[in-house]
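sequence first, predicted model second:
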Amino acid sequence: MTATLIDGRAAAERLRQRVAARTAELAATGLVPGLAVVLVGDDPASQIYVGSKTKQAQETGIRHFDHRLPATTGTQELIALVRRLNTDADVHGILVQLPLPRGVDDSAVLAAIDPTKDVDGFHAVNAGKLALGEDATVPCTPLGCLILLREAMPSLAGKRALVIGRSNIVGKPMAQLLLQNDCTVTIAHSKTQDLPALCGESDIVVAAIGRPKAIAGQWLKPGAVVIDVGINRVTIDGKSRVVGDVDFASASERAGAITPVPGGVGPMTIACLLMNTVNAAIRSRGGTDLLRP
Ligand code: NAD
């Protein structure tokens with residue numbers, strides 16, 4: 001391996017420490033950041049994610065309010081809960097864990113969240129502000145990617161960046177963040193022609209596809225920085241393993257720096273959620289001294 005490993009666990013720990021320090025300062029002034037977490041149904045992966053989020057919130061001094069609802073909960077019932085949380089002064093952030101059960105209108109539920117409490121950054125108001133370059137709550141995963149990227153590449157200006165994937169929660173906001181940081185950005189997707197050629201001319205590759213090892217190391221420009229967002233469960237030698245969208249073995253021989261899976265982007269996502277929650281609390285009383293990524 002020649003690439004530098006970008007350590008997401010260490011970066012997330014540093015961010016959590018900043019969050020904890022700011023939370024303690026706020027608490028001393030009577031403002032305890034509060035995060036409401038809404039989990040519908042019994043999807044095992046969602047239960048694990050929500051468990052990690054509430055545990056880390058607790059460890060950083062953020063108060064959390066758990067709302068665990070049966071899979072039979074309907075759209076209107078969920079919207080009513082969101083509206084109650086919108087008006088609850090102890091709640092600064094609202095997180096509705098996705099995916100919601102089949103039949104629930106997730107767009108309607110997410111649209112009901114007060115944009116100032118939208119700590120996932122999925123609301124159209126925050127997506128619009130991000131696109132306009134205004135002060136927005138940015139989705140946690142791309143925010144985490146940006147922090148990791150800056151560790152490996154302090155100056156992003158003028159760099160050729162390739163985002164592979166165009167989802168609303170990862171690909172599109174990632175492209176916006178890179179644009180804001182003065183990169184020249186290309187977005188690739190399932191209909192893109194000649195992905196290897198695009199990879200070969202990119203200084204930065206962010207892969208958010210959801211296909212195990214889809215990006216071959218040989219495609220990369222030598223020295224490129226690779227951020228692998230993918231979380232793919234596969235069975236290798238009879239054992240269940242998690243791998244990224246990038247073929248780590250070949251990519252780490254060619255890239256300049258690369259995030260591992262696990263231990264790269266994943267830990268940053270929750271740390272950024274905590275940062276967004278603290279910032280929502282600060283904004284709730286008109287403060288501007290936000291935690292910056
Ligand atoms: P998604 O399914 O919503 O979007 C996938 C995107 O990949 C689509 O835009 C599609 O056009 C594109 N795509 C699919 N096949 C392609 C191909 N062969 N070539 C180029 N583009 C292709 O997925 P998502 O929600 O954006 O998530 C992407 C991956 O990131 C998944 O593995 C997901 O589990 C992971 N993820 C990780 C975190 C984290 O915290 N680390 C958070 C969110 C998502």
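Cool, got the structure.

the residue most central in space within the chain: which element?
Computing the C-alpha centroid of the chain and ranking residues by C-alpha atoms, centre = their mean puts Thr141 first, at 1.4 Å. Secondary structure from DSSP states H and E places Thr141 in helix 140-152.

that helix: how far from the chain's middle?
When distances are taken as C-alpha atoms, centre = their mean, to the nearest Å, helix 140-152 is centred 9 Å away from the chain's centroid.

does it reach the ligand?
Yes: for helix 140-152 and the ligand, the contact criterion (C-beta under 6 Å from any ligand atom) is met by Thr141. C-beta: built from backbone N, CA, C; applies to glycine.

got the CA positions of that helix in CSV?
Extracted as CSV, the C-alpha positions of helix 140-152 are listed here (Å, rounded to 0.1, in the frame of the first residue of the first chain):
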residue,chain,number,x,y,z
CYS,A,140,-24.0,14.8,7.4
THR,A,141,-22.3,12.3,5.1
PRO,A,142,-21.1,14.8,2.5
LEU,A,143,-20.0,17.2,5.3
GLY,A,144,-18.0,14.4,6.8
CYS,A,145,-16.5,13.6,3.4
LEU,A,146,-15.4,17.3,3.1
ILE,A,147,-13.7,17.3,6.5
LEU,A,148,-11.8,14.1,5.6
LEU,A,149,-10.9,15.4,2.2
ARG,A,150,-9.4,18.6,3.7
GLU,A,151,-7.2,16.5,5.9
ALA,A,152,-5.6,14.9,2.9
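
what residues sit buried inside stretch 150-167?
151-153, 156, 159-167 (16 or more other C-beta atoms under 10 Å).

nope, stretch 26-34 is what I was after
By 16+ other C-beta under 10 Å, the buried positions in stretch 26-34 come out as Leu26, Leu31, Val32, Pro33, Gly34.

same deal with stretch 127-145?
By 16+ other C-beta under 10 Å, the buried positions in stretch 127-145 come out as 127, 129-130, 136-145.

quick one: contacts for Gly133?
The contact partners of Gly133, taken as C-beta atoms under 8 Å, 6 or more residues apart in numbering, are Gln180.

separation between it and the ligand?
Gly133 sits 22 Å away from the ligand, taking C-beta to the nearest ligand atom, to the nearest Å as the criterion.

that older thread, possible to save the buried residues of stretch 26-34 as a markdown table with pLDDT, secondary structure and distance to Ile6?
Shown next, in a markdown table, are the buried residues of stretch 26-34 (pLDDT from 0 to 100; DSSP: H, G, I helix; E, B strand; the rest coil; distance: C-beta to C-beta, whole Å):
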| residue | pLDDT | secondary structure | distance to Ile6 |
| --- | --- | --- | --- |
| Leu26 | 98 | helix | 30 |
| Leu31 | 98 | coil | 34 |
| Val32 | 98 | coil | 33 |
| Pro33 | 98 | coil | 28 |
| Gly34 | 98 | strand | 32 |
